[in-house]
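> Generate coordinates for the sequence data below:
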Amino acid sequence: PTPSDPPASEPAEPSTTPSETPASTHRAAPGSPITHNEFDDWRFSMGTVKFNANKVGGWTYDSCDPVDGRGVLAKNKCQRAIQLAYSAYGGHLKAVQIAMSFPTDQAAKTAADRLSKLNSDAVRWRVDKTLDTYAYGKILTGASKKYLVITIVTADKSARAAATNFHSYLQADHAGYFLSRDLTITS
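Reported below is the predicted structural model:
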């Protein structure tokens, strides 16, 4: 048995708490540096909305330099970055997500506001993990406490109808993760 299995002498109690969305993350210790290993394949389900994407790559950087295209991140004291790559709909939709940590909520928000006014070259991402030609190609950016989450989605014609919702939910789901990432529960 694996360490997470209950001891053989005590049967496991079934959970009485409903769970719409299974956790697709490895919860990090509050305040610890972000790593791409906090995220697995993306399995999202809420009511009738369901999305699945395979994590096809992940990179953890000790700084934000590898993703800072124009110095905006450095100017706002970006501390560390991760990059995630996802593939869905048989490779017809590809997503790259960058999450960055900042010293304060305000620094993350200021960086997000500044980036929203610049061309996409202000942030560098793994273009080899996006589609070369696409019918849908957009970037969503948002601050979530002291984190900044940027999601780039490309989709060809066959996945274009699903791309907008997929993009919005992926961005919101991972931004939501960062809202509670550094909370400590005390009893």
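> Now find how far off-centre stretch 105-116 is within its chain.
The gap between the average C-alpha position of stretch 105-116 and the chain average comes to 17 Å, counting by Cα atoms, centre = their mean, to the nearest Å.
> Same question for stretch 94-107.
The gap between the average C-alpha position of stretch 94-107 and the chain average comes to 9 Å, counting by Cα atoms, centre = their mean.
> Report the distance from the helix ranked longest in the chain to the chain centre.
Longest helix of the chain, by residue count under DSSP state H: helix 160-180. Using Cα atoms, centre = their mean, the mean C-alpha position of helix 160-180 is found 8 Å from that of the whole chain.
> Give me the buried positions along that helix.
Residues of helix 160-180 classed as buried by neighbour count (16 or more other Cβ atoms under 10 Å): 160, 162-163, 166-167, 169-175, 177-178. To be clear about C-beta, it is placed using only N, CA and C from the backbone, and glycine gets the same treatment.
> ok, the longest strand seen in the chain: who's next to it in the sheet?
As far as residue count goes, and with DSSP state E defining each element, the longest strand of the chain is strand 49-61. Using DSSP bridges, the strands paired with strand 49-61 in its sheet are strand 42-46 (antiparallel), strand 80-88 (antiparallel).
> ok, and which of those strands has the densest surroundings?
With neighbours defined as mean count of other Cβ atoms under 10 Å, these peak in mean count at strand 80-88, which reaches a mean of 22.
> what does that strand contact?
By Cβ atoms under 8 Å, 6 or more residues apart in numbering, the list of residues contacting strand 80-88 from outside reads 33-36, 38-39, 41-42, 51-64, 66-67, 73, 93-101, 125-126, 129, 159, 166, 170.
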